[in-house]
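Participant: Got a sequence here, can you build the structure:
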Amino acid sequence: MEQRKARIAVLVSGGGTNLQAILDAQISGVLHSGEVTLVISDRPGAYALTRAEKAGVPGLEIDRKACGGQDAFEERLISALNENRTDVIVLAGFLSILSAAFTARYERRILNVHPSLIPSFCGAGFYGLKVHRAALDRGVKVTGATVHFVNEIPDGGKIIAQKAVAVEPGDTPEILQRRVMEQAEWIILPQSVEQVCAERIR
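Facilitator: This is a model prediction of the structure:
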């Protein structure tokens, strides 16, 4: 009998490069204890939904602004996650902050990838290129990425995995962002998702 796979919902806001890394990991076999069964975007027209469609994964748009408030937004999220029978939630470039009530409901079931070595350059206001700009402004020689569980504190949950990436002379925030994605995020995120999924179905 084929072993049950954990059902993964990926929450996105933009292009979905980390979603693609997870989908690719399913094909390569790095991710075999879980499968992506739903992709939810909080922004209309996010390219990540096109990636989901190409992979044959159901996609859903829950426009945070159109919901008119955090409670209504999270109610719609919870309803979609329940309908999907979600085991594990992955935040992949998801820019909405989730409430303490929401994160408590899914304790140790929500993962996020952050483009720095936490506790450096993290917390409220640190996302996207802002993280890499801060690292370059500080003059660090090493940066990287962190996968962690999500709790009520932005970037404050238990660390699952980290990978270091060298800062090179002449780096711009854009160049550094790309290197951190390729050398860290796209490697440790699928590995961490596999680890958490394997624990859920054990």
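Participant: Surely V10 is within a strand?
Facilitator: Yes. Read with DSSP: H, G, I helix; E, B strand; the rest coil, V10 is one of the residues of a strand.
Participant: Pretty sure it sits against V39.
Facilitator: Yes. Counting by C-beta atoms under 8 Å, a contact exists between V10 and V39, whose distance comes to 5.0 Å. (C-beta placed from N, C-alpha, C; glycine too.)
Participant: and for these two, which residues touch both?
Facilitator: Residues touching both V10 and V39 (C-beta atoms under 8 Å, 6 or more residues apart in numbering): 19, 48, 52.
Participant: The second one and K163: what is the separation?
Facilitator: Taken as C-beta to C-beta, to the nearest Å, the spacing of A48 relative to K163 amounts to 23 Å.
Participant: all strands of the chain, in order?
Facilitator: Counting by DSSP state E, the chain forms strands over residues 6-12, 34-41, 59-61, 88-91, 110-114, 142-149, 159-166, given from the N-terminal end onward.
Participant: Lowest-scoring secondary structure element of the chain by mean pLDDT?
Facilitator: Taking all helices and strands of the chain together, the one with the lowest average confidence (mean pLDDT, DSSP states H and E) is helix 64-67, at a mean of 89.
Participant: For it, which helices and strands make contact with it?
Facilitator: helix 70-83 (3 or more C-beta pairs under 8 Å, 6 or more residues apart in numbering; DSSP states H and E).
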